[in-house]
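> Attaching a predicted model along with its sequence, questions to come.
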Amino acid sequence: MLKNLFPRLARFRFTVQIIMLFVTVYGGALLGSYTVDRISKALPSLSCAYDKMTGDHCILIVNQHQLHHRAGAALAKAGDVALNVFIPTLMSVGVFFLFFFFLNKAFCGWVCPLGTVQELLYKIGRRIGRPLNRFKQENVGKVRPVKWFMLLVLVLGLPTLAGMGTVANELGDPFCQVCPSRIATTLLTADTEQLAVRTGTGINFFLGALGNALFGFIIIAALAVRQPFCRICPLLSWNALFQKLSPMRLVKKDAHDKCAKCGVCEKACPMDIHEIGTSFGSKAFHEDCTLCGRCAEYCPDDDVIQLKFFGFKLFGSSRDYYKARVKFETPEGQPKKRVIPILRAKENA
């Protein structure tokens with residue numbers, strides 16, 4: 001099993017994240033822009049097309065441009081819809097799905113460069129003693145709809161309206177104009193161009209200023225909050241549309257007699273998915289789950305939570321693994337404690 005090969009799933013995942021950060025941000029420097037432009041342009045993670053060295057492109061910018069330059073124009077002319085809209089869009093979605101089918105939303109938890117940057121900032125925050133701020137259950141419910149608003153309005157709605165001529169042409173790719181990954185990944189390549197706020201029109205200025213402000217907020221928030229932008233990322237909602245079609249998934253056994261609802265898995269979740277601590281089966285994993293696997297790592301009971309691929313277990317929660325894991329840190333990422341009180345209570349029971 002995977003746990004025998006990698007004593008700490010989190011360490012293995014973080015290694016993959018760092019490798020993919022270099023691949024997505026600097027991969028184009030090795031392959032050349034001509035080659036990169038023909039790889040897929042449909043990644044299920046925020047690999048920014050504005051990064052001049054990027055190894056591949058995020059699907060969101062492709063869809064915005066297709067809706068802006070193809071869908072809107074085609075709808076306005078009421079002709080050539082199949083040729084100009086559906087075929088190119090289906091090709092992009094099809095390539096995206098080939099990627100997504102095998103790894104599901106692990107693209108968010110293991111590959112996305114902005115997710116990795118946020119985790120690095122979170123680790124820095126722990127090192128400098130910043131207190132961890134968690135989202136309470138009632139607040140999580142208020143934040144979750146934002147990612148759908150971002151998808152429907154910024155990624156799908158405004159680009160289509162711009163193509164139809166209903167709104168200004170500058171709104172053809174509004175999400176990319178405010179996406180913090182656009183600034184974060186280009187800065188990693190020493191390119192400061194995307195930091196400049198464009199003043200050509202009021203809309204350009206507003207989107208540029210909003211993008212810079214959002215980037216600054218995410219950088220500061222990530223020091224004290226786990227994955228702040230992931231919670232409102234439209235790519236997370238886009239990926240949620242397909243998540244049930246993938247054979248890669250986390251599973252929590254229905255009404256498992258070993259689960260005491262201790263809440264450790266809930267505390268370990270970087271997306272503050274409270275349902276994992278109280279529910280079973282498919283209800284335990286909300287659409288915000290990024291398949292990071294921390295809930296399985298910290299579950300103190302054998303095989304209650306499992307990461308499966310085509311029904312085969314890749315990793316499962318283990319009492320022995322849990323004991324070894326908490327020697328390094330608590331689920332919240334705080335300085336190590338030898339044994340979590342919940343484990344002591346279970347052993348004394």
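Okay, I see it.
> how about the strands in the protein?
Remark: strands assigned in the chain by DSSP state E are 248-252, 305-309, 312-316.
> And the last one, what's buried?
Spelled out, it's strand 312-316. Neighbour counts using 16 or more other CB atoms under 10 Å place Leu314, Phe315, Gly316 of strand 312-316 among the buried residues. In this view, the C-beta of every residue, glycine as well, is placed from N, C-alpha and C.
> Could you check how far Asn63 is from Gly129?
From Asn63 across to Gly129, the span is 42 Å (CB to CB, to the nearest Å).
> and those two? which has more neighbours close in?
Neighbours were counted for Asn63 and for Gly129 using other CB atoms under 10 Å; Asn63 has more, 24 against 7.
> hang on, the earlier thing: what would the buried residues of strand 312-316 look like in TSV with distance to Val155 and pLDDT?
Below are these laid out as TSV (distance: CB to CB, whole Å; pLDDT from 0 to 100):
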residue	distance to Val155	pLDDT
Leu314	32	91
Phe315	33	90
Gly316	36	89
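> quick one: contacts for Asp51?
Val25, Gly28, Arg182, Thr185, Thr186, Thr189, Asp191 (CB atoms under 8 Å, 6 or more residues apart in numbering).
> Same question for Ile61.
Neighbours of Ile61 in contact, by CB under 8 Å, 6+ apart: Cys48, Ala49, Asp173, Cys176.
> chain center to stretch 308-322: distance?
From the chain centre to the centre of stretch 308-322 is a distance of 22 Å (CA atoms, centre = their mean, to the nearest Å).
> typed the wrong thing, it's stretch 153-167
Here stretch 153-167 is found 24 Å from its chain centre; the criterion is CA atoms, centre = their mean.
> Show me which positions of it end up buried.
Leu154, Val155, Leu156, Gly157, Leu158, Pro159, Thr160, Leu161, Ala162, Gly163, Met164, Val167.
> Excluding chain neighbours, what is closest to Gly311?
Pro247 (7.5 Å; CB to CB, 6 or more residues apart in numbering).
> again, but for Thr290
Thr290's closest residue in space is Gly109 (CB to CB, 6+ apart), at 3.4 Å.
> Ok, Val167 next?
Leu161 (4.5 Å).
> My guess is that neighbour contacts Glu170. True?
No - counting by CB atoms under 8 Å, Leu161 stays clear of Glu170, with 11.9 Å between them.
> Output the below-cut-off pLDDT ranges for the stretch 51-200 of the chain.
In the predicted model of the stretch 51-200 of the chain, residues 72-85 satisfy pLDDT under 70.
> dump the residue contacts of the most centrally placed residue in the chain.
Central residue of the chain (CA atoms, centre = their mean): Cys108, 3.1 Å from the mean position. Going by CB under 8 Å, 6+ apart, Cys108 touches Pro44, Ser45, Gly115, Cys230, Cys233, Leu235, Leu236, Asn239, Thr290, Leu291.
> Which parts of the stretch 101-250 of the chain are helices?
Secondary structure of the stretch 101-250 of the chain (DSSP state H, counting those that start in this stretch): helices located at 106, 113-127, 137-149, 158-164, 174-178, 180-188, 202-221, 234-240.
> Can you get me a residue count around Thr54?
Look at Thr54: counted by other CB under 10 Å, it has 26 neighbours.
> domain assignment for the chain?
Here the domain assignment for the chain is 2-237, 247-348, based on automatic domain parsing.
> Verify the stated contact: Met248 with Ala106.
Yes - taking contacts as CB under 8 Å, Met248 lies within contact range of Ala106: 6.3 Å.
> between those two, who's got more neighbours?
The neighbour comparison of Met248 against Ala106 (other CB under 10 Å) goes to Ala106, with 25 against 18.
> For the more buried one, give its distance to Ser246.
Ala106 is 9 Å from Ser246, by CB to CB.
> Same question for Gly55.
23 Å.
> now swap in Arg231 and tell me
21 Å.
> tell me, what's touching Met248 and Ala106 both at once?
Common neighbours of Met248 and Ala106, using CB under 8 Å, 6+ apart, are Leu291.
> my read: Val140 touches His274, true?
Yes - assessed by CB under 8 Å, Val140 is found in contact with His274 at 6.6 Å.
> Can you report how many residues lie near the residue nearest to Gly311?
By other CB under 10 Å, 13 other residues sit near Pro247.
> As a markdown table, the strands of the chain with distance to Tyr34 would be great.
Listed next are these as a markdown table, based on distance: least, CB to CB, whole Å:
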| stretch | distance to Tyr34 |
| --- | --- |
| strand 248-252 | 32 |
| strand 305-309 | 34 |
| strand 312-316 | 37 |
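> out of these, nearest to Pro270?
Among the strands of the chain, the nearest to Pro270 by CB to CB is strand 248-252 (13.5 Å).
> Each with direction, which strands does that closest one pair with?
strand 305-309 (antiparallel) (DSSP bridges).
> Could you check how far the strand it pairs with is from the centre of its chain?
19 Å.
> Now do it against strand 312-316, angle only.
140 degrees (axes from the mean of the first three to the mean of the last three CA atoms, to 10 degrees).
> in the stretch 201-349 of the chain, what spans have low per-residue confidence?
For the stretch 201-349 of the chain (pLDDT under 70), the answer is 255-257, 282, 284, 327-349.
> 50 instead, please
337-349 (pLDDT under 50).
> Quick check: the gap between Ile305 and Gly311.
15 Å.
> which of these two has more neighbours?
Counting neighbours by other CB under 10 Å for Ile305 and for Gly311 shows that Ile305 has the greater number, 25 against 8.
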